[in-house]
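> Got a predicted structure here, sequence first:
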Amino acid sequence: MVAVERIVGSYNAWAGNGASQAPDWLKDIRSGAIARFQSLGFPTMKQEAWRFTSVAPIAEGSFELAKHPTRVLTLDDLRQFLLFEAGYRLVFLDGFFQPSLSTPFFDDVQSLGHVLSHRPDLVREHIGKYASTGDQPFSALNTAFVNEGAFVHVPAKATIAEPVQLLFLASGDNPVVTHPRNLVVLEREARASIVETYASLGTGAYWTNSVTEIVVGDGARVDYHRVQRESERAYHVATTQTHQGRDSTVHLHTVAFGASLARHDIGAVMAGPGGTLILNGLYLLAGQQHADHHTTIDHAADHCASHEYFNGVLDEKSRGVFTGRIIVRPGAQKTDSKQTNNNLLLSTDAHADSQPQLEIYADDVKCTHGSTVGPLDPRALFYLRSRGVGEAEARRLLTYGFAAEILGRMDVAPLRAELDRVVRERLGE
Amino acid sequence: MAKGKVLLEVKGLRAAVAGNQILNGVDLAIRDGEVHAIMGPNGSGKSTLAQVLAGHPAYTVLAGTAKYDGKDLLAMKPEERARAGVFLAFQYPVEIRGITNSYFLRSALNALRRERGEPELDPIDFLQFLEQKLKAIGWDDTMMNRPVNEGFSGGEKKRNEILQLAVLEPHLAILDETDSGLDIDALKTVAETVNKLRSPNRAFLIVTHYQRLLNYITPDVVHVLADGRIVKSGGPELAHELEAKGYDWLRDAAMVS
């Protein structure tokens, strides 16, 4: 518990200093959350939700709260992580907002810190209402440090034409921790496309602990893309929680390439009838990388459809963990839920764990799930070779297809192209 | 028609899969431009012969030779056979996730073009080339942007095999029960495409369980395979005889011989 006490100590120092000007309601949220973290402590592998993932390297890592970076970034530093220069974007370095590199839009696409001081009412209405802290120590810890991150608000019936880019860069040269906190609110019938990216300028070990809450009003639609390409030595813990109103649509895409240890909890609550959710994820790992995706889709209303696709490509000694929990609440009739998790093992030392968890409390529903773990399909390999494609190329093509299947569902063409490039690079093209 | 040179010569071919010997000494010679049909009851080894000729690694050749265009076919890797002009239309075409039909076809065609020392086709040139091939099987390009065979009906999968045949322009095309599972319209389309592709430079080995396909494609030679060897060969009329009499009389003949 030394690690927990050390973190609580750093919280106390922070709360008493830089964060002391916060409004009382926010201070209450923070102090409640740190107390929650203190009582939960770091998760252990004895807990069901963490049985395949040890967070010991994080707990024992002595990460300091990130300080305001001295480095001044230019647009050139960002270019490799930006998909396009047009549109709204919010850039953060080590968790600190970079106004000179960002293109905010009033209080609607803005740093959370700015909105907290100018329009706290916009934040107060939603923050912490969706991402659970009750049994989630990392989410609780992030909530204790709520201060900065991205805020996107789309008014009723409005559409943001270009995808909004949220870029979280790490210096990657100090063992620091950041707690980015993002809040995305789409009012009734609003529409937006958002790309949230985590990347590093350096190659060192650091820890990112992010929480993103996405609230989607009645009839609204969000295409949300999350790209995790942290440094290979980084630790990445994240929570993404969506909350959907009636007849709303969420397409949530997530790609994990980076970090030595990554854990992503994705929660989706379908709170109103007629909602549609596509949850589309890829993890592409090598070396000793470990990525754990824990998804929970909560069908709380009737006539909702959720289609979940996660593919893992695991090379060398990497390990992918996927848990797909689907809850169909009493009364959530006509639920149409489909889940697939396919894992491709490119080496005999790679390992995948895939666990579907279906909890169905309604009787008129359609729920299917399937998962696979294995090497490349020898039939497909022979099929390609019988067409003249050499064995090495055939292997690469089939592996690429595993990733391309996921990327192909993304609508933002420049993002798809960039991820396609990264995948090909990772596959040795 | 003047007889072409012998393109494929199989002698005494014995092969096994999963420890079971299926082919018990197959002899077969196909000349350039000829269409040979292989018929036979279930389990006679028809598909095994097709797979062995294409180089499926699950099949072990125990004895015999297969000479293709002067080369030792059995010593070649599957991709080398394809590049040398051997094509197998699969009985059960494989689904390939994430790879569009168009991308797959272009990769395959370019692998062959590289082998022949021809420049590779870029996506735009390829689409132009593809357009005429698609017309032949009555498809537009919507099937081209879907992953290979994924969600295709049985008939669509078989047509897709014939499309690949048309695109890759092989020297020796082996059709492994391409007719099974096809309705009559799809069967006619497949047969018409095959007939259009018949040429003095292209031989066909058509493996089929039914005589039906041979109503539309007239073979030069019909072979009957039973218990892993060819027990009878003849002209197109043999197919009709089989349709009328079934296979049992031949199986008995094989047992006797």
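Received the coordinates, thanks.
> Quick one: the helices in the stretch 1-150 of chain B, in order.
B:46-54, B:78-83, B:101-115, B:123-137 (DSSP state H, counting those that start in this stretch).
> export those to TSV and tack on mean neighbour count, distance to chain A and mean pLDDT?
Every C-beta, even on glycine, is put in place using the N, C-alpha and C of the backbone. What follows is the helices of the stretch 1-150 of chain B, written out as TSV (neighbours: other CB atoms under 10 Å in any protein chain shown; distance: least, CB to the nearest CB, whole Å; pLDDT from 0 to 100):
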stretch	mean neighbour count	distance to chain A	mean pLDDT
helix B:46-54	25	5	97
helix B:78-83	24	4	97
helix B:101-115	20	4	94
helix B:123-137	14	14	88
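> Please identify which of those is closest to residue A:169.
Residue A:169 sits nearest to helix B:101-115 of all those, at 33.7 Å, using CB to CB.
> picking up where we left off before, can you redo the helices of the stretch 1-150 of chain B as TSV with distance to residue A:121?
Converted to TSV, those look like this (distance: least, CB to CB, whole Å):
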stretch	distance to residue A:121
helix B:46-54	70
helix B:78-83	66
helix B:101-115	51
helix B:123-137	52
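> what's the closest of the ones you listed to residue A:28?
helix B:101-115 (55.5 Å).
> Quick one: list the elements packing against that closest one.
Judged by 3 or more CB pairs under 8 Å, 6 or more residues apart in numbering or on different chains; DSSP states H and E, the packing partners of helix B:101-115 are helix A:378-385, helix A:391-407, helix B:78-83, helix B:123-137, helix B:154-168.
> So for residue A:276, which of the ones you listed sits nearest?
Taking the helices and strands packed on helix B:101-115 one by one with CB to CB, helix A:391-407 is closest: 18.1 Å.
> any idea of the mean pLDDT in that closest one?
Across helix A:391-407, the average pLDDT comes to 96.
> what helices or strands is it leaning on?
strand A:249-256, strand A:276-285, strand A:305-314, strand A:336-345, helix A:378-385, helix A:413-426, helix B:101-115.
> Tabulate those in CSV, adding columns for distance to residue B:61.
Shown next, in CSV, are the helices and strands packed on helix A:391-407 (distance: least, CB to CB, whole Å):
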stretch, distance to residue B:61
strand A:249-256, 45
strand A:276-285, 39
strand A:305-314, 34
strand A:336-345, 30
helix A:378-385, 16
helix A:413-426, 37
helix B:101-115, 24
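> burial measure for the closest residue to chain A within the stretch 51-200 of chain B, as a count.
Closest contact between the stretch 51-200 of chain B and chain A, by CB to the nearest CB, is at residue B:98 (3.1 Å). Neighbours of residue B:98 under the rule other CB atoms under 10 Å in any protein chain shown: 21.
> what residues are up against it?
Contact analysis of residue B:98 by CB atoms under 8 Å, 6 or more residues apart in numbering or on different chains lists A:400, A:401, A:402, A:403, A:404, A:405, A:406, A:408, B:147.
> switch to 6 Å and redo it
A:401, A:402, A:404, A:405 (CB atoms under 6 Å, 6 or more residues apart in numbering or on different chains).
> Mind picking the two most distant members of the residues you listed?
A:402 and A:404 (7.4 Å).
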